[in-house]
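Student: can't give you the sequence, but here's the structure:
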């Protein structure tokens, strides 16, 4: 887990855990809650050393 | 149902429903099944009404419907409770001593940036270095100051504080600076922009394609690669879109190339070896900044294709169409999107016109050919 990430960022894995409280709706079909960034940003300073497969929405 | 909790906009796009909540600027993406439930919920006056309607329309058991009711109530509340925004304390710039002043000429604009230290300079200057301009007297109306004060990065524009960030969040300072510069170059305000996407965008002079992907996934490398072939770079990492015309606008910063891609680009970019390399941090390593091939051109173009880039060693080049939910799960969470309702409408309208793709690649020549084809198809469309 990335310790240096900003407080207002959550990873997709965390988002999925958060979805646990919506387990019944999630079972019905596609269901995503998405929050845009609150601030403008360039690439975050600590991306975790490259591509993280676990975060890939396509895998 | 309490209207405060209802989404302000519901838009059906390519088989999915996108809901937007104005109190929180949150989006919900659902398919038809979930939307049916939501519609029942929004029509119902209370729990027993919901249970009745859901049993009639969808034949769900009472127990299951009760659970749906609890979760939908919780969900709509979550999307409607506004979190407190941190407001900037208005502060005037204290006169800087020993500042490092650099002048830049970007298109017809003179920009002056005062840096409080070499470190402050390293945050912005390398990507704009190619615009550096020797000037003895200051005639700029656009003066920025970047200061490090008590482990805080402060950004001032014409002596007014416009951003304050912890030193570890330097990417936020860079982002805020990019927005301020963008507004200067286009004579716009922040509210005029629909969003700034965490994407690299390239064009063939007629239309643009947006490349998205997680950090370290090869967006910038691919953008640089395509640039060497002759495509124009519109923006790297920070792609702004204007609300009014839903076009992407060029952002003049150089492309940041990570260490892992040096070998690939070395033979393709003139004097790549001579470019200075900058150490970012232990995980990101070194980067080099490659200036855009059309950095003297201010362009705005329509962009109707979003491509998720996935570099995979030894993979065959493959471009497939993907559903909107896959793209939005990355595009929305990785970007700044305007919370202005009018701009959100424009964003949704733009999404309706887009197609969504996933590109897996490893071979440079193959991927260039692929983009030639995509652009040709787009021109026929």
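Tutor: Structure's in. What do you need? Quick caveat, the model's predicted, so the values are computed rather than measured.

Student: make it CA atoms for all contacts and neighbour counts henceforth
Tutor: Will do.

Student: quick one: stretch B:288-306 to chain centroid distance?
Tutor: Relative to its chain's centre, stretch B:288-306 lies at 14 Å (CA atoms, centre = their mean, to the nearest Å).

Student: Please enumerate residues in contact with stretch B:128-147?
Tutor: Contact with stretch B:128-147 is made by B:102-106, B:110-117, B:120-121, B:153-159, B:184, B:252-254, B:291, as judged by CA atoms under 8 Å, 6 or more residues apart in numbering or on different chains.

Student: try 6 Å this time
Tutor: B:103-106, B:110-116, B:153-158, B:253 (CA atoms under 6 Å, 6 or more residues apart in numbering or on different chains).

Student: can you give me the mean pLDDT across it?
Tutor: Mean pLDDT, stretch B:128-147: 83.

Student: Close to chain A: what parts of chain B are there?
Tutor: Within chain B, the positions near chain A by CA under 6 Å from any CA of the partner chain are B:26-31, B:34, B:71, B:171-172, B:175-176, B:215-217, B:283, B:332-333, B:335-337.

Student: now these: which count as buried?
Tutor: With neighbours counted by 16 or more other CA atoms under 10 Å in any protein chain shown, those contain buried members at B:26-31, B:34, B:71, B:171-172, B:175-176, B:215-217, B:332-333, B:335-337.

Student: Okay, and which of the residues of chain B next to chain A map to helices?
Tutor: Members of the residues of chain B next to chain A lying in helices (criterion: DSSP state H): B:34, B:71, B:171, B:172, B:175, B:176.

Student: With distance to residue B:240 added, can I get those residues in CSV?
Tutor: Formatted as CSV, these follow (distance: CA to CA, whole Å):
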residue, distance to residue B:240
B:34, 32
B:71, 36
B:171, 16
B:172, 15
B:175, 11
B:176, 12
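
Student: among the contacts of stretch B:128-147, which are in strands?
Tutor: Secondary structure of the contacts of stretch B:128-147 is defined by DSSP state E; positions in strands are B:103-106, B:110-115, B:153-157.

Student: Per-residue pLDDT of residue B:86, please?
Tutor: 61.

Student: same check, this time on residue B:179
Tutor: Reading off the model, residue B:179 has pLDDT 96.

Student: any idea how far it is from residue B:12?
Tutor: Distance of residue B:179 to residue B:12, computed by CA to CA, to the nearest Å: 31 Å.

Student: Check residue B:226 too.
Tutor: On the measure of CA to CA, residue B:226 and residue B:12 end up 34 Å apart.

Student: Show me which of the two is the more surrounded one.
Tutor: Using other CA atoms under 10 Å in any protein chain shown, the more surrounded residue of residue B:226 and residue B:12 is residue B:226, with 23 against 16.

Student: so how far is residue B:203 from the more buried one?
Tutor: Taking CA to CA, one finds residue B:226 at 9 Å from residue B:203.

Student: again with residue B:327
Tutor: Counting by CA to CA, the gap from residue B:327 to residue B:203 is 20 Å.

Student: neighbour count winner among these two?
Tutor: residue B:203 (24 against 21).

Student: Need the nearest residue in space to the more buried one, chain neighbours excluded.
Tutor: residue B:232 (5.1 Å; CA to CA, 6 or more residues apart in numbering or on different chains).

Student: Check residue B:44 too.
Tutor: residue B:50 (5.1 Å).

Student: so the one you found sits in a strand?
Tutor: No - under the criterion used here (DSSP: H, G, I helix; E, B strand; the rest coil), residue B:50 is helix, not part of a strand.

Student: Neighbours of it, how many?
Tutor: Neighbours of residue B:50 (other CA under 10 Å): 22.
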